[in-house]
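K.L.:
Task: produce atomic coordinates for the following.
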Amino acid sequence: MPPARPDLPRITVAMAAHDAESFITAAIRSALGQEHAAVSVVVADDASRDGTAGTVARIAARDGRVSLIRCPVNLGPGGARNLAFAAAEDDWIAVLDSDDSFRPGRLARMHAHAQQQDADIVIDDFISVDAAGQTLPGPGLAARHPAGVLDLADWLQLNDMARAKLSFGYAKPLISRRFLAASGLRYNESLRNGEDFHLILEALAAGARLYFTGETGYRYTRRAGSVSRRAQGDHMRALLAADKAVAARFSPAQHAAAARPLAARRRNLQNLITTEEVLANLKARHPGAAAARLARHPGALGRVTGHLAEALRKRIGARG
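P.N.:
So this is what the prediction gives:
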């Protein structure tokens, strides 16, 4: 394989993979096919139970730009990405989920924005697709906020977990490896979802400059039952704890700027937790316990009624 051109941006694509045998090849192909960038791919197989590691190993045997790390135990997405980050040798690191893909030219465009905006982190918009690759309807991130620099308060507001609002935490970043090394930042390995949001939150608290391009460069696959699609109570409680830990390290100026959006995020996370608990109580035929939880957190009522209405519509539709 000829050496990479020295004038091209050098980017490592970091990928955590768990039981991804059936779709990881397409994800890797989308990274290796990026134009106007010298790309390498580091896959951290997170103790997959299928043939993911073997699939990646065969690709790596054919293409020296791909390398495989095998996690001895399941670490979760944050832990697996930390291993991939540690193995990265290029100037920039891009995050790609094993069931997603990059659109052509994405990394070069993001790097150009990073240079023009003097940014440490760049994010872009995405389109959602189903497991068959068909585009799903719905607004993107640019419908919530125009392109531009995002500060700490912006980031919290755009990830306030409010009902029916698309979270910017789904965006997959391009990050300066120099900034990561200087700040010592790593993924929070206690988180099973929301880990990208939290990495960027901690980066902003450490002084990072974040730029949102507004361009659509990422294909995000929505799969039924995926971790990122489920608002499980223990995951939400872990997010609350992580939020509190980061906020404890804010400077006085950061506290002043973040107080209002952080409080809104905490309320919405608590409402998510309460909603899951209420629905679990109702499923277990414990209406009294469900009512008691709602009495303690009445702000969750809207979410609960929305879930119940959706379940009723599905039941009626199935009967029809």
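K.L.:
F168 against I123, yeah?
P.N.:
Yes: with contact defined as C-beta atoms under 8 Å, F168 counts as touching I123 (7.2 Å). For the C-beta atoms, the positions are set from N, CA and C on the backbone; glycine is no exception.
K.L.:
Pull up the overlap in contacts between these two.
P.N.:
Counting by C-beta atoms under 8 Å, 6 or more residues apart in numbering, the shared contacts of F168 and I123 are F212.
K.L.:
Give me the below-cutoff pLDDT ranges for the chain.
P.N.:
Judged by pLDDT under 70, the chain has its weakly predicted residues at 1-4, 224-231, 318-320.
K.L.:
List the buried residues of stretch 96-110.
P.N.:
96-103, 105-110 (16 or more other C-beta atoms under 10 Å).
K.L.:
Need the residues that contact that stretch.
P.N.:
Contacts for stretch 96-110 (C-beta under 8 Å, 6+ apart): 9, 11, 13-18, 20, 23-24, 26-27, 29-31, 33-37, 39, 43, 52, 77, 94, 122, 124, 172, 174, 213, 215-221, 223, 226.
K.L.:
again, only this time at 7 Å
P.N.:
For stretch 96-110, the external contacting residues (C-beta atoms under 7 Å, 6 or more residues apart in numbering) are 9, 11, 13, 15-17, 20, 23-24, 26-27, 30-31, 33-37, 39, 94, 122, 124, 172, 174, 213, 215, 217-221, 223.
K.L.:
ok, now stretch 263-283?
P.N.:
With contact meaning C-beta under 7 Å, 6+ apart, stretch 263-283 is reached by 156, 159-162, 231-233, 236-237, 239-240, 243, 289-290, 293-294, 297, 299-300, 303-304, 307.
K.L.:
can we see that at 8 Å?
P.N.:
156-157, 159-163, 231-233, 236-237, 239-240, 243, 287, 289-290, 293-294, 296-297, 299-300, 303-304, 307-308.
K.L.:
Report the distance from the longest helix anywhere in the chain to the chain centre.
P.N.:
Assignment by DSSP state H gives helix 252-283 as the longest helix of the chain. Distance of helix 252-283 from its chain centroid, counting by C-alpha atoms, centre = their mean, to the nearest Å, is 18 Å.
K.L.:
what's the next secondary structure element after that helix?
P.N.:
helix 287-296 (DSSP states H and E).
K.L.:
Can you point out the buried residues in that following helix?
P.N.:
Buried-residue list, helix 287-296, by 16+ other C-beta under 10 Å: 290, 293-294.
K.L.:
Could you do stretch 16-27 as well?
P.N.:
Using 16+ other C-beta under 10 Å as the test for burial, stretch 16-27 gives 16-21, 23-24, 27.
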